[in-house]
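> predicted structure and sequence below. I'll ask about it afterward.
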Amino acid sequence: MGDPLFAHGIDPWVFLIVAVKVIVAFVVLMVSVLLMIWFERKVISDMQSRIGPNRAGPWGILQTMADGIKLFFKEGLRPDGSDRTVFYLAPYLAVVPAFLIFTIIPIGGEVTVFGHTTEIQVADPQIGILFLLAMSSVAVYGLMLAGWASGSKYPLLGSVRATAQMVSYEAAMGLSTAAAVLITGSLSTRDIVESQNGSLYGFIPNWNVLRLGVVPFAIFFIAVTAEVNRPPFDLVEGEQELVGGFHTEYSSVRFALFFLAEFMNTITMSAIVVTLFFGGPDGPAPHVVRWLWPILWFLGKTIVFLYVYVWIRASLPRLRYDQLMDLGWKRLIPLSLFWLLVVAGMLIDTRWGFAVFGGGLAFGLMLYQALRVSRARTEVA
Amino acid sequence: MGFFDGFRVTIRQVFEPRVTHRYPDEKRLKPPRFHGRHVLGRYEDGMEKCIGCELCAGVCPARCIYVRGADNPPDSPVSPGERFGFVYEINYLRCIHCDLCVEACPTEAITESKLFEFSFVDRQDAIYTKDELVVDDEGRPRQLPWEDWRSGDDAHTSGWMRATSPNGDAAFEGRVQWSGELGYGVRTPEAGQVGDRDDEATGNISIRDVNSADISHRYGGRYR
């Protein structure tokens, strides 16, 4: 399928439209990062009975801008023991994947400009979801190399944590994404979104979160929170133990880039959650300005998840490292594997689905019992 | 479930009043006995209260006060007594605002105001001289260029006498008498410890109870 823009070959207009889409997406993402940081600070101050930023611009909305400008004028330091090339490269390795993930997100429906019909989405590759997984893995390199290249122990510890954490949550994230891919039968994000259009019985939305049961969504959401290093999984930056984590030695623009990448990731991952499980731009739309409503739906859903991210940050204390690993390996991965099997069974036949569900449940209980008994015996001995 | 209780706690805060203020724009009321920078008072006829006895300098634990007294010129006396404070300097780099000078003063000349926002950038500016400390003809503290205070902040600058009533009447036990202020008059005495008090600011309740009621109001009554 792909973008209908390329159906009739490539001419200068097509090229221009693609260029415009890229630039617009970049600007939109940049501005939304500015707003997101302000939004996060405002919401978290609400939850802590404070006022929050209120000096720069109306309601402090320009605070991020002011902070950014300040950072750009600061001196960029590089420690003596650092690896020059890698040290300079790492922030970009963190930012670029964050932006690239955003390109595959379907933001709206289709528009026609200059006789060309195109999707409101920068790129619609056939391998959409694989691209997402690849890019979120590449982002790990940014963090890892930053910590390693700093030539300093705390950033190194931070980046070791980051790597271990992201690699272990990548698996649960991939498996829960696979459930959405299975039910759609396509890797393209556009196809995933379109398969969620319509509704059951006229009022229940046909979204993956309901079609797949809530479990894959819950696993994906937790895994993504860990993936973008947001609280309660922000051990990477654990200020109490690691000063600032992997970006301790960074300053000025390069520090700003890490910050940018983190918030870009938060936004794109909220958008990915919306795309995979909440129908993306799907929603009831009146018959006026038809192209606008899907975008508004998409924005609204994304903002809800951004709010939830901030809410989680305000509410939950940071996990211990072994708890983090336990949650990833011992709970999320087995559960997502199990649920993937159930979804696969359901797709063949409902009876198969329930058989797999029952079998998996029985197996899980037996395993749990076995572990409990063995643990009890070890404690006695 | 304990896990979700945390989420309820945080979301409830969104609908509760903020405990912080937009500080430089809005200032919260100072406690009644706030210890800010000093002012040297004057009587209603314009005479200075300070008699240059140096008791404040003697009692000051930080040794930040420097006073020299001099005999009043007979034809134009500065203070009602025999002597007056000829030099009066307070070094605010040393002052700890303990209020002992206020308690030591026999004429209630030196009091601590509610003004605390003075950020000088020069050590010389830290030393407030007598010209800067003595109130002006209306009884208002003199505002120095580096001080940030607005009208209203200077009210209720008078010091207080912690002693029981001078005549030893037991009914005045624990009453706080305020020294008079030029331009502001005398503040209503703060109610004593006994139950039969009734003062202007706090009614029947002690200042401490008023403050704690204010706190429990702010925090939704959970600290009552």
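Looks like it came in fine.
> only C-alpha atoms for contact and neighbour calcs from this point on.
OK.
> start to end distance for stretch B:9-19?
With CA to CA, to the nearest Å as the measure, the first residue of stretch B:9-19 is 16 Å from its last.
> which positions in the stretch 201-350 of chain A make contact with chain B?
Counting by CA under 8 Å from any CA of the partner chain, the residues of the stretch 201-350 of chain A close to chain B are A:Trp311, A:Ile312, A:Ala314, A:Ser315, A:Leu316.
> the strands in the chain, which residues?
Chain wasn't specified; assuming chain A. Remark: strands assigned in chain A by DSSP state E are A:110-113, A:116-119, A:199-200, A:204-205.
> wait, chain B
Under the criterion DSSP E, chain B carries strands at the ranges B:38-40, B:65-71, B:83-91, B:110-112, B:127-128, B:160-161, B:177-178.
> which bits of the stretch 51-200 of chain A sit near chain B?
A:Ile51.
> now for chain A, the helix or strand with the poorest mean pLDDT.
Taking mean pLDDT, DSSP states H and E as the measure, the helices and strands of chain A show their lowest mean at helix A:239-242, namely a mean of 66.
> oh, I was asking about chain B
Per-element confidence for chain B was summarised using mean pLDDT, DSSP H and E. The lowest value among helices and strands belongs to helix B:207-218, with a mean of 58.
> now do the contacts for A:Leu341.
Going by CA atoms under 8 Å, 6 or more residues apart in numbering or on different chains, A:Leu341 touches A:Val356.
> I'd like the distance between it and chain B.
When CA to the nearest CA, to the nearest Å is applied, the distance between A:Leu341 and chain B equals 29 Å.
> can you check A:Leu257 too?
Here the criterion is CA to the nearest CA. By it, A:Leu257 lies 30 Å from chain B.
> residues near that residue, how many?
The local packing count at A:Leu257 equals 21, with neighbours defined by other CA atoms under 10 Å in any protein chain shown.
> just give the nearest non-adjacent residue to it, would you?
With sequence-adjacent residues excluded and distances taken as CA to CA, 6 or more residues apart in numbering or on different chains, A:Leu257 is closest to A:Pro91, at 5.8 Å.
> can you check A:Gly68 too?
A:Gly68's closest residue in space is A:Ala256 (CA to CA, 6+ apart), at 7.0 Å.
> you'd agree the one you found is up against A:Ile69?
No - shown here, A:Ala256 and A:Ile69 do not form a contact pair, counting by CA atoms under 8 Å, at 9.7 Å.
> okay, the two: which has more neighbours?
Relative neighbour count places A:Ala256 above the other of A:Ala256 and A:Ile69, with 18 against 14, counting by other CA under 10 Å.
> tell me the confidence at the more buried one?
For A:Ala256, the pLDDT comes out at 89.
> ok and the residue in the stretch 51-200 of chain A nearest chain B?
Residue nearest to chain B within the stretch 51-200 of chain A (CA to the nearest CA): A:Ile51, separated by 6.5 Å.
> does B:Phe116 really touch B:Gly36, like I thought?
Yes - distance between B:Phe116 and B:Gly36: 4.9 Å, which falls inside the contact criterion (CA under 8 Å).
> the two - which one has more neighbours?
Each of B:Phe116 and B:Gly36 has its neighbours counted (other CA under 10 Å); B:Gly36 has more, 20 against 16.
> from A:Val95, how far off is the more buried one?
Distance check for B:Gly36 against A:Val95: by CA to CA, it reads 51 Å.
> now swap in B:Asp154 and tell me
54 Å.
> same question for A:Pro4.
Computed with CA to CA, the distance linking A:Pro4 and A:Val95 is 29 Å.
> of the two, who's got more company?
A:Val95 (21 against 13).
> model confidence for the more buried one, exactly?
In this prediction, A:Val95 carries a pLDDT score of 90.
> one more: B:Asn72?
According to the prediction, B:Asn72 has pLDDT 91.
> again with A:Thr275
Per-residue pLDDT puts A:Thr275 at 91.
> OK, contacts around it?
If you count contacts by CA under 8 Å, 6+ apart, A:Thr275 has them with A:Ile105, A:Pro106, A:Thr189, A:Ile192, A:Val193, A:Pro281.
> likewise for A:Phe233?
Under the criterion of CA under 8 Å, 6+ apart, the neighbours of A:Phe233 are A:Thr225, A:Ala226, A:Arg318, A:Leu319, A:Leu324.
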